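K.L.:
Quick one, fold the following:
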Amino acid sequence: MNARSAPAVQDVTAIPERDLRRARLLAVCLGAVVPLVLSGVVLALVLAWLPELPSPAATHWGPSGVDGFGPPATFVWLTILLGFALPAALTITTVIGVRDHWGGGARLLVGMALGISGLSAVINLGAVGTQRGLADAKHADDLGGLMLLGFGAFVVLIGIGWLLQPHIRPAPAAPLQPAHVAAITQGERVVWLATASLSRRAMILISLLVVVVVGLTAFMAIRFTDRMWVPILTLVLIGGAFASSASFRVRVGPDGLSVRSQIGFPRVHVPLDEVVSVRAVECNPFGEFGGFGWRLGLDGRTGIVLRRGPAIEVERRGKRPLVVTVDGAAVGAAVLQAYLERDASSESTPPDGGAADGGSRS
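P.N.:
Residues are numbered from 1 along each chain as shown. Purely as a prediction, here's the structure:
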């Protein structure tokens, strides 16, 4: 058997430094500076109107009207936290997490930061404005129409934020060290196995989130027994998502590429006859897919992306390309490529009436 080189690992999302600086600058302006200015205007109005609000003020509306009360200063903190702090944190996290990769996911997250700021401005101004001059907050008008207006502002600002950011086409970087796999003959069976797992940092962050939700569940169990379903449902959803996406088993063999969660679901299988091409690439989940886990990229790819680093990218016939981050991706891609070349060779060679016997190797 002759040794052969697999496709080289390439960084397919490298951005020229000049374009990257421009994208980052616009992201900070749209996702942090604009929310700062908008929240400053809203905060000034809220502070000016506070003396005219009843105390306690209405802070929550349900299907039957006002059902929650708190100090008027609540709207000051909501304006600061939701109008500026959250959008700025989302933007800064995006800029840092994307690093030298910039794609549709990053543009969308910055647009969402701008949209959150607009939503906060509409809701907070409306909630304060509708209570000005009231002696009792129970008489405050319903905010149903205002919520629709706020959601409309949220959607529109996301679109504006998206359009104002540059659409950058990545340029391929220099290839890295290729992997080598000998040709696979007919009758020979080669299987490559690996485990794709979340990074240690992501595991710690998710674990902390679960702890917070568990604490919230315990608190609500003591104070608000009629609303217990909210934190319990949240805990179940977070726990289920964590269990199903924390680790995947990746297998390349004569039947193609299989990726299966360690708990059995979700899973995906790409038969050899569906594979158009395969290569190993360097993947930045945050920059290319907007986050980690089982994701749909804005560029048309499906990603099972758990950490930054090497990944197997498979172009599928009639389906979205699939990207799976996993250590040793270059070797896995090389084995799958070897099977593709073996099948292509057997289809082009007339049968000689004999069957080849072979062993197996890993």
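
K.L.:
can you map out the helices along the stretch 201-350 of the chain?
P.N.:
For the stretch 201-350 of the chain, the helices defined by DSSP state H, counting those that start in this stretch occupy 229-245, 285-289, 329-348.

K.L.:
buried residues in stretch 193-203?
P.N.:
Buried positions in stretch 193-203, judged by neighbour count with 16 or more other C-beta atoms under 10 Å: 194, 196-198, 202. Where you see a C-beta, it was placed from the backbone N, CA and C, and this is true even at glycine.

K.L.:
What's the biggest helix in this structure, counting residues?
P.N.:
Assignment by DSSP state H gives helix 104-129 as the longest helix of the chain.

K.L.:
And it, what does it pack against?
P.N.:
helix 17-28, helix 34-49, helix 74-80, helix 86-98, helix 144-164, helix 285-289 (3 or more C-beta pairs under 8 Å, 6 or more residues apart in numbering; DSSP states H and E).

K.L.:
and the last one, C-alpha only, in CSV?
P.N.:
Which is helix 285-289. Below are the C-alpha coordinates for helix 285-289, written out as CSV (Å, rounded to 0.1, in the frame of the first residue of the first chain):
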residue,chain,number,x,y,z
PRO,A,285,-17.4,28.1,16.9
PHE,A,286,-18.1,31.5,18.4
GLY,A,287,-17.1,33.4,15.2
GLU,A,288,-18.5,31.0,12.7
PHE,A,289,-21.7,29.7,14.4
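
K.L.:
what's the spacing between Leu81 and Cys29?
P.N.:
Applying C-beta to C-beta, to the nearest Å, the value for Leu81 to Cys29 is 21 Å.

K.L.:
Check Gly144 too.
P.N.:
When distance is defined by C-beta to C-beta, Gly144 is 34 Å away from Cys29.

K.L.:
Equivalent analysis for Asp273, please.
P.N.:
Relative to Cys29, and taking C-beta to C-beta, Asp273 is found at 49 Å.

K.L.:
Could you do Arg132 as well?
P.N.:
Separation of Arg132 from Cys29 (C-beta to C-beta): 33 Å.

K.L.:
which ones are touching Phe84?
P.N.:
Neighbouring residues of Phe84 by C-beta atoms under 8 Å, 6 or more residues apart in numbering: 35-36, 39, 117.

K.L.:
so where's the stretch 201-350 of the chain uncertain?
P.N.:
By pLDDT under 70, the low-scoring segments of the stretch 201-350 of the chain are 202-203, 205-207, 209-232, 234-235, 238-239, 241-242, 346-350.
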